[in-house]
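Enquirer: Sharing a sequence plus its predicted fold:
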Amino acid sequence: MFPETRMRRLRRTDGMRRLSEETVLTANDLIEPVFVAPGTKRREDVASMPGVTRMSPDLLDAWASGLKAPAVLVFGVPDDEEKDETGSAAADPDGLVPQAVKAIRAARPDLTIITDVCLCGYTTHGHCGPLTPDGEIHNDGSIDMLGRMAAAHGAAGAHMAAPSAMMDGQVQAIRAALDEAGLEDVAIMSYAAKFASAFYGPFRDAAHSAPSFGDRRSYQLPIGNRREAIQDALMDEDEGADWLMVKPAMPYLDIIADLRAESLLPLAAYHVSGEYSMIKLAAAAGVLDERKVALEALLCIKRAGADAVITYYADQVCRWLAE
Ligand code: PBG
């Protein structure tokens, strides 16, 4: 009790504060997403995400060579003419993401390469799986394609496949497809607790993946459901996931903490596009200190229980931490 106990004793000096630091953000924890578009010498700014670009595969050599973040998450952003009803271009072994993986591997053999495995960028209707005749998203029809997509990425040299479609059985199907292709060392980072969040808005502009009708609530998690999120995530663990992920991150810290307590697997959190753009735009308006707020957000995500954070700030933060 006060006055015998004084909490401020521990906070008096920088040295004292550093000794009792419970959570530390390091460069090792950060994963930088990258959007890859077809063509050559193509670089487009993503209007809704200041500082983020889409690049063609030939530009990845220079990009990867200068990257400070230790890991990347690759998204393919095909043009409209490559899209079809089932998203078949996603499984092309010579497709956009396999080309990107090879280019990044060649430039930087030390980087860890993770690939997003989902069909929404590849289907004409923008949903994460093919449609049934009554316009529903067909679960079992999509997981076969997701397995082939992950195998194409693994064969190109990706270290981890990150399925984000929220289809039931997708982790099991991907594990089976990878093993069948002799890719048993390729790991799976499952977007295990992915919510039907409006914070993905800017990403859909970056990835041209907004659904052309309806929304994703028939497959992504209901935003208010905590128990259901844990159940869904633990099923992915049973199906063979090597990593779990919670997405978005900041408004879902309770889910990160719950899942950290329920599973022994490493846990990632995705600080998504909306979380990034909120900081960027507020900083541009002079309302927030960008660096302090970004570092605080990421540290808090780690404090909640995440081992790694996927963030559009990854490379920037690695530079800040090295200063
Ligand atoms: C694909 C996918 C999405 C994101 C990652 N993978 C969008 C969505 O589900 O609509 C969002 C990432 C972000 O907002 O930064 N399914």
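Expert: Perfect, I can see it now.
Enquirer: got a list of what the residue of the stretch 1-150 of the chain found nearest the ligand touches?
Expert: Among the residues of the stretch 1-150 of the chain, Cys118 lies nearest to the ligand; the distance is 4.0 Å by Cβ to the nearest ligand atom. Backbone N, C-alpha and C define where each C-beta goes, glycine included. Applying Cβ atoms under 8 Å, 6 or more residues apart in numbering to Cys118 gives the contacts 128, 146, 163-165.
Enquirer: ok, now Asn139?
Expert: Here Asn139 is in contact with 129, 167-169, 219 (criterion: Cβ under 8 Å, 6+ apart).
Enquirer: Briefly note if the lowest-mean-pLDDT helix or strand in the chain comes near the ligand.
Expert: Ranked by mean pLDDT, DSSP states H and E, the weakest helix or strand in the chain is helix 201-207, scoring a mean of 92. Yes: using Cβ under 6 Å from any ligand atom, we find that helix 201-207 touches the ligand at 203-204.
Enquirer: Which residues does whichever helix or strand comes after that helix contact?
Expert: Tracing the chain C-terminally past helix 201-207 and defining elements by DSSP states H and E, one meets helix 226-239 next. By Cβ under 8 Å, 6+ apart, the surrounding residues in contact with helix 226-239 are 169, 171-172, 175, 190, 192-193, 195, 221-222, 244, 246, 254-255, 258-259, 262-263, 265.
Enquirer: Now go through those and say which are in strands.
Expert: Where the contacts of helix 226-239 overlap with strands, as defined by DSSP state E, the overlap consists of 190, 192-193, 244, 246.
Enquirer: Turn those residues into TSV, columns for pLDDT, neighbour count and distance to His208.
Expert: Formatted as TSV, the entries for those read as follows, by pLDDT from 0 to 100; neighbours: other Cβ atoms under 10 Å; distance: Cβ to Cβ, whole Å:
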residue	pLDDT	neighbour count	distance to His208
Ser190	98	30	24
Ala192	96	30	25
Ala193	98	29	25
Leu244	98	28	28
Val246	98	30	25
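Enquirer: Produce a PyMOL select command limited to the buried residues of the contacts of helix 226-239.
Expert: Below is the selection syntax for PyMOL that covers the buried ones among the contacts of helix 226-239, with 16 or more other Cβ atoms under 10 Å defining burial:
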select buried, resi 169+171+172+175+190+192+193+195+221+244+246+255+258+259+263+265
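Enquirer: what bridges to Leu30?
Expert: Listed beta-bridge partners, Leu30: Val309 (assigned using DSSP bridges).
Enquirer: which residues does the residue of the stretch 101-250 of the chain found nearest the ligand contact?
Expert: Sorted by distance to the ligand under Cβ to the nearest ligand atom, the residues of the stretch 101-250 of the chain start with Phe203, at 3.1 Å. With contact set as Cβ under 8 Å, 6+ apart, Phe203 has these partners: 49, 209, 272-274.
Enquirer: Then Ala71?
Expert: With contacts taken as Cβ under 8 Å, 6+ apart, Ala71 has the following neighbours: 30-32, 111-114, 308, 314.
Enquirer: beta partners of it?
Expert: Ile31, Thr112.
Enquirer: separation between it and Ile113?
Expert: Note on Ala71: its distance to Ile113, by Cβ to Cβ, to the nearest Å, is 8 Å.
Enquirer: Tell me the helix or strand right after the helix ranked longest in the chain.
Expert: Looking across the chain with DSSP state H, the single longest helix is helix 139-156. Next helix or strand after helix 139-156 toward the C-terminus (DSSP H and E): strand 160-163.
Enquirer: Can you pull the residues of the chain lying near the ligand?
Expert: Taking Cβ under 6 Å from any ligand atom as the measure of proximity, the chain contacts the ligand at 116, 118, 120, 128, 164, 200, 203-204, 209, 216, 272-273.
Enquirer: Most neighbours among those, please name it.
Expert: Neighbours were tallied for each of these (criterion: other Cβ atoms under 10 Å), and the maximum of 28 neighbours falls on Cys118.
Enquirer: for it, phi and psi?
Expert: Here the main-chain torsion angles of Cys118 (degrees, to the nearest 10) amount to phi -160, psi 160.
Enquirer: Distance check, it against Asp254.
Expert: 25 Å.
Enquirer: ditto for Glu228
Expert: For Glu228 relative to Asp254 (Cβ to Cβ), the value is 13 Å.
Enquirer: and if you look at Lys247?
Expert: Counting by Cβ to Cβ, the separation of Lys247 from Asp254 is 14 Å.
Enquirer: go on, Phe213?
Expert: In this view, Phe213 and Asp254 are 32 Å apart by Cβ to Cβ.
Enquirer: What segments of the stretch 51-200 of the chain are helices?
Expert: Secondary structure of the stretch 51-200 of the chain (DSSP state H, counting those that start in this stretch): helices located at 60-65, 96-107, 139-156, 170-180.
Enquirer: As a markdown table, those helices with mean pLDDT would be great.
Expert: Shown next, in a markdown table, are these (pLDDT from 0 to 100):
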| stretch | mean pLDDT |
| --- | --- |
| helix 60-65 | 98 |
| helix 96-107 | 98 |
| helix 139-156 | 97 |
| helix 170-180 | 98 |
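Enquirer: I am finished for the moment; much appreciated.
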